[in-house]
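Trainee: sharing a sequence plus its predicted fold:
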Amino acid sequence: MKGKIVSINISHKKGIRKKPVQSCILKENYGIEGDAHASSKWHRQVSLLALESINKMRDMGLDVNPGDFAENLTTEGIDLLKLPLGTRLLIKDEIELEVTQIGKECHSRCAIYYQAGDCVMPREGIFVKVLRGGRVNVGDEIRVLE
């Protein structure tokens, strides 16, 4: 199974929408350099959400874009929800990630939830840790290691 990175999103503070960038550095056992959620102290170093999930919210009439759900990497072409814990992902045949959590608990309702009465990130977002780092660019291929 393979797809591509359609957006890379970072923020310098937690609890806000992330802003798109053209590239980033994924650091081994840390996350995205410069992102508020990066840390070697936990398993949710990088978050991923599929463009297909964002499109579900668009179909509900919301004007939302990649990064609005605070995901770091927006993907297209991979069914993230079918990936079990421990699944390895490869970006550009050099950067290796491992799925560590599927979905999350929302401790407080985000702006998206209040606009639509729902938010896809808690159900459809996944989290990974960085096993092998490198530079990621928008448009890079991402694939599931079999």
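Mentor: Arrived safely. Numbering: from 1, shown residues only.

Trainee: any weak-confidence spans in the protein?
Mentor: Scanning the chain for pLDDT under 70 picks out the ranges 15, 104-122.

Trainee: show me where it has its helices.
Mentor: If DSSP state H is used as the criterion, the helices of the chain fall at 51-59, 111-116, 121-124.

Trainee: could you report the separation of the residue lying farthest from the centre of the chain from L90?
Mentor: In the chain, G61 marks the outermost C-alpha relative to the chain mean, sitting 22.3 Å out by CA atoms, centre = their mean. Taking CB to CB, to the nearest Å as the measure, G61 and L90 are separated by 36 Å. The way it works is simple: take the backbone N, C-alpha and C, and place the C-beta from them, glycine included.

Trainee: L83 too?
Mentor: Separation of L83 from L90 (CB to CB): 13 Å.

Trainee: again with R132
Mentor: Taken as CB to CB, the spacing of R132 relative to L90 amounts to 9 Å.

Trainee: tell me, what's touching those two both at once?
Mentor: In the contact map built from CB atoms under 8 Å, 6 or more residues apart in numbering, the residues linked to both R132 and L90 are E96.

Trainee: go ahead and flag the most central residue of the protein.
Mentor: Short answer for the chain (CA atoms, centre = their mean): L48, at 1.7 Å.
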